[in-house]
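**Student:** using only what follows, build the 3D model:
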Amino acid sequence: MAKENERTRRRSLTEDERKLWRVAMKDTRPLDPEKTAPLSDMPAAEQPSPSSKPALVAPKPLPVPVRPRPAGPPPLTGLDRRLSQRLARGQIEVEATLDLHGHSQERAYTVLLDFLARARSRGLRCALIITGKGASPYARHTLHGVSFYEVPERQGVLRGAVPRWLNEDAFRLHASGFQPAHPKHGGGGAFYVWLRKKR
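**Tutor:** Numbers count the residues shown, from 1 in each chain. Next comes the predicted model:
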(Lines give C-alpha, C1' and ligand atoms only; values in the text may rest on other atoms or scores of the structure.)
Protein backbone atom coordinates (compact mmCIF):
# COMPACT_ATOMS: atom_id res chain seq x y z
CA MET A 1 0.00 0.00 0.00
CA ALA A 2 2.81 2.37 0.90
CA LYS A 3 4.51 1.57 -2.43
CA GLU A 4 1.34 2.32 -4.40
CA ASN A 5 1.03 5.77 -2.71
CA GLU A 6 4.65 6.48 -3.56
CA ARG A 7 4.06 5.74 -7.27
CA THR A 8 0.91 7.85 -7.48
CA ARG A 9 2.74 10.77 -5.87
CA ARG A 10 5.56 10.70 -8.51
CA ARG A 11 5.41 14.02 -10.37
CA SER A 12 6.55 14.92 -13.90
CA LEU A 13 9.68 17.01 -14.52
CA THR A 14 9.42 20.76 -14.91
CA GLU A 15 10.82 22.50 -18.00
CA ASP A 16 13.86 23.73 -16.02
CA GLU A 17 14.57 20.22 -14.80
CA ARG A 18 14.39 18.90 -18.37
CA LYS A 19 16.88 21.56 -19.52
CA LEU A 20 19.18 20.72 -16.64
CA TRP A 21 18.94 17.02 -17.54
CA ARG A 22 19.85 17.73 -21.18
CA VAL A 23 22.84 19.88 -20.12
CA ALA A 24 24.04 17.16 -17.75
CA MET A 25 23.70 14.45 -20.41
CA LYS A 26 25.10 16.28 -23.49
CA ASP A 27 28.73 15.13 -22.99
CA THR A 28 27.90 11.58 -21.99
CA ARG A 29 28.65 8.54 -24.14
CA PRO A 30 26.53 5.41 -24.38
CA LEU A 31 27.70 2.52 -22.24
CA ASP A 32 27.95 -1.12 -23.10
CA PRO A 33 24.32 -2.35 -23.55
CA GLU A 34 24.88 -5.05 -20.92
CA LYS A 35 25.93 -2.42 -18.38
CA THR A 36 23.27 0.16 -19.27
CA ALA A 37 20.45 0.74 -16.81
CA PRO A 38 17.01 -0.37 -17.98
CA LEU A 39 14.66 2.24 -19.39
CA SER A 40 12.43 2.04 -16.34
CA ASP A 41 15.19 3.71 -14.28
CA MET A 42 15.28 6.78 -16.58
CA PRO A 43 13.21 9.84 -15.67
CA ALA A 44 9.74 9.58 -17.20
CA ALA A 45 10.18 12.72 -19.32
CA GLU A 46 13.30 11.31 -21.05
CA GLN A 47 11.96 7.84 -21.81
CA PRO A 48 11.27 7.28 -25.54
CA SER A 49 7.64 6.83 -26.43
CA PRO A 50 6.67 3.33 -27.59
CA SER A 51 5.53 4.65 -30.97
CA SER A 52 8.84 6.39 -31.78
CA LYS A 53 11.04 4.59 -34.33
CA PRO A 54 14.81 4.79 -34.53
CA ALA A 55 16.04 7.25 -37.17
CA LEU A 56 17.17 5.57 -40.37
CA VAL A 57 20.72 6.38 -41.45
CA ALA A 58 21.27 6.44 -45.21
CA PRO A 59 24.09 4.09 -46.24
CA LYS A 60 27.21 5.70 -47.67
CA PRO A 61 27.37 5.39 -51.45
CA LEU A 62 29.93 2.91 -52.71
CA PRO A 63 32.91 4.45 -54.51
CA VAL A 64 32.62 4.29 -58.29
CA PRO A 65 35.44 2.16 -59.68
CA VAL A 66 37.72 4.08 -62.03
CA ARG A 67 38.24 2.15 -65.23
CA PRO A 68 41.78 2.34 -66.56
CA ARG A 69 42.06 3.81 -70.02
CA PRO A 70 42.71 1.19 -72.65
CA ALA A 71 46.39 1.10 -73.46
CA GLY A 72 47.23 2.07 -77.00
CA PRO A 73 48.86 4.74 -79.11
CA PRO A 74 47.20 8.15 -79.38
CA PRO A 75 44.91 8.80 -82.36
CA LEU A 76 46.15 10.54 -85.48
CA THR A 77 46.03 14.24 -84.71
CA GLY A 78 46.34 15.44 -88.26
CA LEU A 79 48.71 18.21 -89.16
CA ASP A 80 48.49 21.79 -88.00
CA ARG A 81 47.43 24.33 -90.63
CA ARG A 82 50.88 25.81 -91.24
CA LEU A 83 52.57 22.44 -91.60
CA SER A 84 49.76 21.15 -93.82
CA GLN A 85 50.09 24.18 -96.12
CA ARG A 86 53.86 23.81 -96.36
CA LEU A 87 53.52 20.12 -97.23
CA ALA A 88 50.79 20.86 -99.79
CA ARG A 89 53.09 23.43 -101.44
CA GLY A 90 56.03 21.00 -101.44
CA GLN A 91 58.00 23.34 -99.18
CA ILE A 92 59.13 20.72 -96.63
CA GLU A 93 62.05 18.45 -97.36
CA VAL A 94 61.18 14.78 -97.54
CA GLU A 95 63.64 12.89 -95.33
CA ALA A 96 62.81 9.31 -96.37
CA THR A 97 60.92 7.77 -99.31
CA LEU A 98 59.27 4.37 -99.72
CA ASP A 99 57.92 3.19 -103.07
CA LEU A 100 55.32 0.44 -102.68
CA HIS A 101 54.87 -0.21 -106.43
CA GLY A 102 54.77 -3.91 -107.24
CA HIS A 103 54.09 -5.06 -103.66
CA SER A 104 51.13 -7.24 -102.69
CA GLN A 105 48.93 -5.82 -99.95
CA GLU A 106 50.32 -8.24 -97.37
CA ARG A 107 53.92 -7.45 -98.30
CA ALA A 108 53.25 -3.69 -98.53
CA TYR A 109 51.73 -3.69 -95.02
CA THR A 110 54.84 -5.28 -93.49
CA VAL A 111 57.30 -3.17 -95.47
CA LEU A 112 55.49 0.09 -94.64
CA LEU A 113 55.32 -0.65 -90.91
CA ASP A 114 59.01 -1.56 -90.79
CA PHE A 115 59.96 1.52 -92.84
CA LEU A 116 58.06 3.92 -90.53
CA ALA A 117 59.50 2.31 -87.38
CA ARG A 118 63.08 2.61 -88.70
CA ALA A 119 62.56 6.20 -89.95
CA ARG A 120 61.20 7.28 -86.59
CA SER A 121 64.02 5.54 -84.69
CA ARG A 122 66.45 7.68 -86.75
CA GLY A 123 64.64 10.83 -85.60
CA LEU A 124 63.13 11.61 -89.03
CA ARG A 125 59.84 13.50 -89.20
CA CYS A 126 58.64 13.64 -92.84
CA ALA A 127 58.37 10.48 -94.95
CA LEU A 128 56.98 10.08 -98.47
CA ILE A 129 55.03 6.92 -99.24
CA ILE A 130 54.45 6.28 -102.95
CA THR A 131 51.45 4.02 -103.62
CA GLY A 132 50.70 4.75 -107.26
CA LYS A 133 47.41 6.13 -108.47
CA GLY A 134 45.97 3.10 -110.16
CA ALA A 135 43.48 3.48 -113.00
CA SER A 136 41.48 6.13 -111.18
CA PRO A 137 40.18 9.64 -111.84
CA TYR A 138 43.25 10.81 -109.91
CA ALA A 139 45.56 9.28 -112.51
CA ARG A 140 44.38 11.00 -115.68
CA HIS A 141 41.42 12.76 -117.24
CA THR A 142 38.89 10.65 -119.17
CA LEU A 143 39.90 12.28 -122.50
CA HIS A 144 43.51 11.23 -121.92
CA GLY A 145 42.70 7.55 -121.42
CA VAL A 146 43.90 4.70 -123.61
CA SER A 147 40.72 5.01 -125.64
CA PHE A 148 38.31 7.88 -125.98
CA TYR A 149 35.44 6.00 -124.28
CA GLU A 150 37.44 4.70 -121.33
CA VAL A 151 35.97 5.61 -117.93
CA PRO A 152 38.72 4.81 -115.41
CA GLU A 153 37.06 4.04 -112.05
CA ARG A 154 39.32 1.47 -110.43
CA GLN A 155 41.29 3.17 -107.71
CA GLY A 156 44.76 1.88 -106.83
CA VAL A 157 44.50 -0.86 -104.17
CA LEU A 158 47.44 0.41 -102.12
CA ARG A 159 46.33 4.01 -102.48
CA GLY A 160 43.08 3.06 -100.72
CA ALA A 161 44.73 0.72 -98.21
CA VAL A 162 47.52 2.94 -96.84
CA PRO A 163 45.21 5.53 -95.18
CA ARG A 164 43.33 2.67 -93.47
CA TRP A 165 46.57 1.13 -92.24
CA LEU A 166 47.85 4.43 -90.90
CA ASN A 167 44.82 4.57 -88.60
CA GLU A 168 45.66 1.20 -87.02
CA ASP A 169 47.36 1.00 -83.60
CA ALA A 170 50.61 -0.44 -84.95
CA PHE A 171 51.06 2.48 -87.36
CA ARG A 172 49.85 5.17 -84.94
CA LEU A 173 52.79 4.30 -82.71
CA HIS A 174 54.99 5.95 -85.34
CA ALA A 175 52.75 8.28 -87.41
CA SER A 176 50.88 11.31 -86.09
CA GLY A 177 49.27 12.41 -89.38
CA PHE A 178 49.33 12.15 -93.15
CA GLN A 179 48.05 13.89 -96.28
CA PRO A 180 48.29 13.59 -100.10
CA ALA A 181 51.60 14.70 -101.54
CA HIS A 182 52.41 17.73 -103.69
CA PRO A 183 52.46 17.01 -107.47
CA LYS A 184 56.25 17.25 -107.54
CA HIS A 185 56.31 14.31 -105.07
CA GLY A 186 53.69 12.18 -106.78
CA GLY A 187 50.45 14.06 -106.08
CA GLY A 188 47.45 11.73 -105.77
CA GLY A 189 49.67 8.65 -105.92
CA ALA A 190 51.68 9.42 -102.78
CA PHE A 191 51.28 10.51 -99.17
CA TYR A 192 53.32 12.56 -96.79
CA VAL A 193 53.46 10.82 -93.39
CA TRP A 194 54.44 12.97 -90.39
CA LEU A 195 56.28 10.86 -87.83
CA ARG A 196 56.10 11.20 -84.06
CA LYS A 197 59.19 12.45 -82.25
CA LYS A 198 61.73 9.82 -81.30
CA ARG A 199 61.40 8.81 -77.63
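
**Student:** and the lengthiest helix in the chain, what's buried?
**Tutor:** Ordering each helix of the chain by length in residues (DSSP state H) puts helix 105-121 first. Burial within helix 105-121, assessed by neighbour count using 16 or more other Cβ atoms under 10 Å, is assigned to 108-109, 112-113, 115-116, 119-120. Backbone N, C-alpha and C define where each C-beta goes, glycine included.

**Student:** just curious, which of these is nearest to residue 158?
**Tutor:** residue 108 (5.6 Å; Cβ to Cβ).

**Student:** quick one: end-to-end distance for stretch 176-192.
**Tutor:** Using Cα to Cα, to the nearest Å, one end of stretch 176-192 lies 11 Å from the other.

**Student:** residues contacting it, please?
**Tutor:** Applying Cβ atoms under 8 Å, 6 or more residues apart in numbering, the contact partners of stretch 176-192 are 74, 76-79, 84, 87-90, 92, 94, 126-134, 136, 138-139, 156, 159, 162-163, 166, 193-196.

**Student:** still on that earlier bit, what's the longest helix of the chain packed up against?
**Tutor:** strand 96-99, strand 126-130, helix 157-166, helix 169-172, strand 190-195 (3 or more Cβ pairs under 8 Å, 6 or more residues apart in numbering; DSSP states H and E).

**Student:** closest one to residue 12 among these?
**Tutor:** Ranking the helices and strands packed on helix 105-121 by proximity to residue 12 (Cβ to Cβ) places helix 169-172 first, at 80.6 Å.
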